[in-house]
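Trainee: Got a predicted model here, sequence first, then my questions.
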Amino acid sequence: SSRVADKWIKTTCGYCSVGCGIVVGVRDNKAVTVRGNPDHPVNCGKLCPKGLSEHHILDAPGRAKQPLLRKDGKLVPVSWEEALTVMIEKISAVQQKYGNDSLGVISTGQLVTEEFYTLGKLVQLGFGSRNYDGNTTLCMASAVSGYKLTFGSDGPPGSYADMETADLILLIGANIADNHPILCQRLERNRQRNANSTVIVVDPRVTKTAMMADIHLPIKPRGDIALLNGIAHILIRDGLINRDYIDQHTTGFEELTAFVADFTPQHVAEVTGLSEESILSTAHLYGKAKAAFIGWTMGVNHSTQGAATVTAINNLALITGNIGRAGAAPFSITGQCNAMGSRESSFTSALPGYRKFEKAHDREELAGIWNIDATRIPTSRGLAYPDIIEAAVAGKVKALWFIATNPAVSFPNYPLLKQALESVDFLVVQDGFHPTPTSEFAHLVLPAAIWGEKEGTYTNSERRVSKVNPVVTPPGLARTDFDIFIALAEKLGVKEELFPGWTSTHDAFKEWQRVSEGRMCDYSKFTWQQLEDEGGAQWGGERLYADGIFPTATGKAQLYSVPCLPFVEQPNEEYNLIFNTGRTVEHWHTRTKTAEVEMLNTMVPNAWLEMNPVDAAKLELRPHDRVNVVSRRSTVRNVELRITGIVAPGQVFMPFHFAESNSNLVTLGAFDPISREPNFKQCAVRVEKF
Ligand code: SF4
């Protein structure tokens, strides 16, 4: 049949940061099927529903196939030549009038690392704008900042394998069953190896992951810092700490001890809504474990105290010596397939190779490799994503370029974001799909290749660099992001200076290897062929900090005393419910891809709102009623109500995937002062009948 593949091509899944090995079956330049790669160390042949249907996105009807330029208010087809010429003219005009930093660029964890690396140089050294950031600031920035504060560097210290060997796994704000499904098999294997191991899930909702746990702690929203401090208090009080490790490898222990003295089980129980017994037994399980693993995702990161919460997690690992050993790690599970690649190689919150803008030595080192004057490298980072949006509203950023991201659905406080999109002089949207809720605002739409159409590498949460291969050619006139960047560099007249002789992403890889050599994220020994044959390789090896030496000024890790602040927008009489957001396994982020996959979209075609029966009874609402969710910002209208004990009284939950019922109409535009990550998780709403 036409569905029988005549060629099988190995690659890496392009959705989440688990980084599963996938083999795509191709026939006549069409991806006809996929299967899990049985030899891949991450997934051993398994795939989740998104991975299993990934080939369907390549020839989906919504693909962008043609450059489009707005003329007389309408987007009309133009040639690449015209599109790129106009883009350079418009951006140059804006920069001449308002300064180089009036260009804001937002990239994504969807590009291959080689593209990030190329884009960073193009934006910072070619266009000369510092105002460049990634949509990774909406998901992982708090983990990055927290790691840097504690350990002196980013980089998740553990491996997925640690989830199999730990005898205590504490998952905080991490619904892996929906969001990183293939990781769940690690929990299963853990149980098979050790019948006495324990999985504890801390989450305000009874998520699928909470249902799989031995113990679920249904914590009050943003109770996590109090819980972490409370656990530290009990560990210290009951002598369940590793004094040698603390003395040799950390600073700040005396301050931490004094600080957490107030976090008695009784106090923590009041703040978190958990029982004193459960707090005590969690601390004892953690402290007595031979190897304890803490995993977290967006429940921690999506907070105005996200970075601080990460340091409080790191505290627990450090005071018990649960780091740098098998089964023991404070482990940030990242979001997108290549969020890590963007952290290592891009030129956004840090210089490539985890170098620092502020360090003259780092700038000089890069200038030497790039053969440019070091004064061209900025001495501080530009604006972070939310600050670029605010600068656009304030009229300081006048041109915006979004690459493979859809802020009209993914950015908090949509009314403000809309103002930003409407107020710039020139808006470029480069994406594999059109129309999207963001591209509808664009002056220029650049059709881009997506996963399955380009070559390079992704890095997953465990620092595993995996090969990504093209399986088909892009549709219509779509081009790879790399080709678009290089074509723009040519038009700008910087191609030979910044990208000498480059014709493919492999040229970018070769330079990136030199840039990363000797750094923590060292790619210099990897070859693409080896990465493909072996199912990737982890930079830094299986785990970081095995020697207890940290890349800080003192070589020691820093313990932080983290205050527990109430979240910004507390419920009141008018807005009486706490709004929480999250995801479901069938969909990916803003559904530009998964809405196009019939199998996935049929399973979950619409958004819903979860409400506890107690609240529903008060509002006289019944299952399947249509409701509005109202906040101080705006209203999500006509959402299906699900009445369920999955959410606690006083809280409601909605998935953020759906443009038609955009949860970000109501979310709060409040950001972590350190990481600049949005507080997507807690804001005050009321619910009314539609
Ligand atoms: Fe892809 Fe993640 Fe699913 Fe694996 S778990 S198949 S990487 S979406």
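Mentor: Thanks, I have the structure now. Numbers count the residues shown, from 1 in each chain.
Trainee: contacts, neighbours, all on C-alpha from now
Mentor: Will do.
Trainee: how near is Arg642 to Pro655?
Mentor: 12 Å (Cα to Cα, to the nearest Å).
Trainee: shared neighbours of these two, anything?
Mentor: Counting by Cα atoms under 8 Å, 6 or more residues apart in numbering, the shared contacts of Arg642 and Pro655 are 608-609.
Trainee: Let me know whether Ala448 touches Ala64 as I believe.
Mentor: Yes. Ala448 lies in contact with Ala64 (Cα atoms under 8 Å); the separation is 7.0 Å.
Trainee: Have a look at the two and say which one is more surrounded.
Mentor: Per other Cα atoms under 10 Å, whichever of Ala448 and Ala64 has more neighbours is Ala448, with 28 against 25.
Trainee: And the more buried one, what's its pLDDT?
Mentor: Per-residue pLDDT puts Ala448 at 98.
Trainee: was I right about Thr12 contacting Pro470?
Mentor: No. Taking Cα under 8 Å as the definition, Thr12 is not a contact partner of Pro470, at 10.4 Å.
Trainee: shared neighbours of Ala448 and Ala64, anything?
Mentor: 431-433, 478.
Trainee: out of these, which is most surrounded?
Mentor: Neighbour-wise, the shared contacts of Ala448 and Ala64 (other Cα under 10 Å) top out at Gly432, 31 neighbours.
Trainee: which other residues reach stretch 372-387?
Mentor: In contact with stretch 372-387 (Cα under 8 Å, 6+ apart) are residues 106, 124-125, 129-135, 137, 348-350, 357-360, 363-364, 366-368, 671, 676-678.
Trainee: out of the shared contacts of Ala448 and Ala64, which are inside helices?
Mentor: Using DSSP state H, no member of those sits in helices.
Trainee: Make a markdown table from those and add pLDDT to it.
Mentor: Converted to a markdown table, the shared contacts of Ala448 and Ala64 look like this (pLDDT from 0 to 100):
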| residue | pLDDT |
| --- | --- |
| Asp431 | 98 |
| Gly432 | 98 |
| Phe433 | 98 |
| Ala478 | 98 |
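Trainee: The ligand: which of these is nearest?
Mentor: Closest to the ligand out of these is Gly432 (18.0 Å), distances taken as Cα to the nearest ligand atom.
Trainee: and the nearest residue to the closest one once chain neighbours are set aside, bridged to which residues?
Mentor: With Cα to Cα, 6 or more residues apart in numbering as the criterion, Gly432 has its nearest non-adjacent residue at 4.6 Å, and that residue is Ala448. On the basis of DSSP bridges, Ala448 is bridged to Arg479.
Trainee: where's Ala448 relative to Leu52, distance?
Mentor: For Ala448 relative to Leu52 (Cα to Cα), the value is 23 Å.
Trainee: now Leu187
Mentor: 21 Å.
Trainee: Count the residues that sit near Pro378.
Mentor: With other Cα under 10 Å as criterion, Pro378 counts 17.
Trainee: quick one: it is in a helix?
Mentor: No. Counting by DSSP: H, G, I helix; E, B strand; the rest coil, Pro378 is located in no helix; its state is coil.
Trainee: So which elements touch the longest helix anywhere in the chain?
Mentor: As assigned by DSSP H, the longest helix anywhere in the chain is helix 80-98. Packing partners of helix 80-98 (3 or more Cα pairs under 8 Å, 6 or more residues apart in numbering; DSSP states H and E): strand 103-107, strand 426-431, strand 444-447, helix 481-492.
Trainee: that older thread, going through the contacts of stretch 372-387, which ones are buried?
Mentor: 106, 124-125, 129-135, 137, 348-350, 357, 363-364, 366-367, 671, 676-678 (16 or more other Cα atoms under 10 Å).
Trainee: Can you flag which of these belong to helices?
Mentor: 363-364, 366-367.
Trainee: Can you convert those residues into a markdown table and add a column each for pLDDT?
Mentor: Conversion of these to a markdown table gives the following (pLDDT from 0 to 100):
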| residue | pLDDT |
| --- | --- |
| Arg363 | 97 |
| Glu364 | 98 |
| Leu366 | 97 |
| Ala367 | 97 |
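Trainee: As JSON lines, those residues with distance to the ligand would be great.
Mentor: Converted to JSON lines, those look like this (distance: Cα to the nearest ligand atom, whole Å):
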{"residue": "Arg363", "distance to the ligand": "35"}
{"residue": "Glu364", "distance to the ligand": "37"}
{"residue": "Leu366", "distance to the ligand": "33"}
{"residue": "Ala367", "distance to the ligand": "36"}
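Trainee: closest to Gln513 among those residues?
Mentor: Set against Gln513, the nearest of those by Cα to Cα is Leu366 (12.4 Å).
Trainee: I'd like to know how far that closest one sits from Lys121.
Mentor: For Leu366, the distance to Lys121 - Cα to Cα - is 11 Å.
Trainee: Check Glu276 too.
Mentor: When Glu276 is compared with Lys121 (using Cα to Cα), they lie 53 Å apart.
Trainee: When those two are compared, which one has more neighbours?
Mentor: Lys121 (21 against 17).
Trainee: Now do the strand or helix carrying that one, average pLDDT.
Mentor: Assessed by DSSP states H and E, Lys121 sits inside helix 113-121. Here helix 113-121 scores 96 as its mean pLDDT.
Trainee: tell me the angle it makes with strand 103-107.
Mentor: Helix 113-121 runs at 170 degrees relative to strand 103-107, counting by axes from the mean of the first three to the mean of the last three Cα atoms, to 10 degrees.
Trainee: give the contact list for His506.
Mentor: Contacts of His506 by Cα under 8 Å, 6+ apart are 114, 456.
Trainee: tilt between the helix or strand containing it and helix 113-121?
Mentor: If you go by DSSP H and E, His506 is part of helix 505-516. Between helix 505-516 and helix 113-121, the angle comes out at 70 degrees (the same axes, to 10 degrees).
Trainee: Just want the angle from helix 505-516 to helix 481-492.
Mentor: Using the same axes, to 10 degrees: helix 505-516 against helix 481-492 is 80 degrees.
Trainee: Convert the C-alpha atoms of helix 505-516 to CSV, please.
Mentor: Output of helix 505-516 as CSV, limited to C-alpha atoms (Å, rounded to 0.1, in the frame of the first residue of the first chain):
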residue,chain,number,x,y,z
THR,A,505,24.0,23.5,9.8
HIS,A,506,27.0,21.3,10.0
ASP,A,507,29.2,24.3,9.5
ALA,A,508,27.4,25.9,12.4
PHE,A,509,28.0,22.7,14.4
LYS,A,510,31.7,22.8,13.7
GLU,A,511,32.0,26.3,14.9
TRP,A,512,29.8,25.6,17.9
GLN,A,513,32.1,22.7,18.8
ARG,A,514,35.1,25.1,19.0
VAL,A,515,33.0,27.6,21.0
SER,A,516,31.9,25.0,23.5
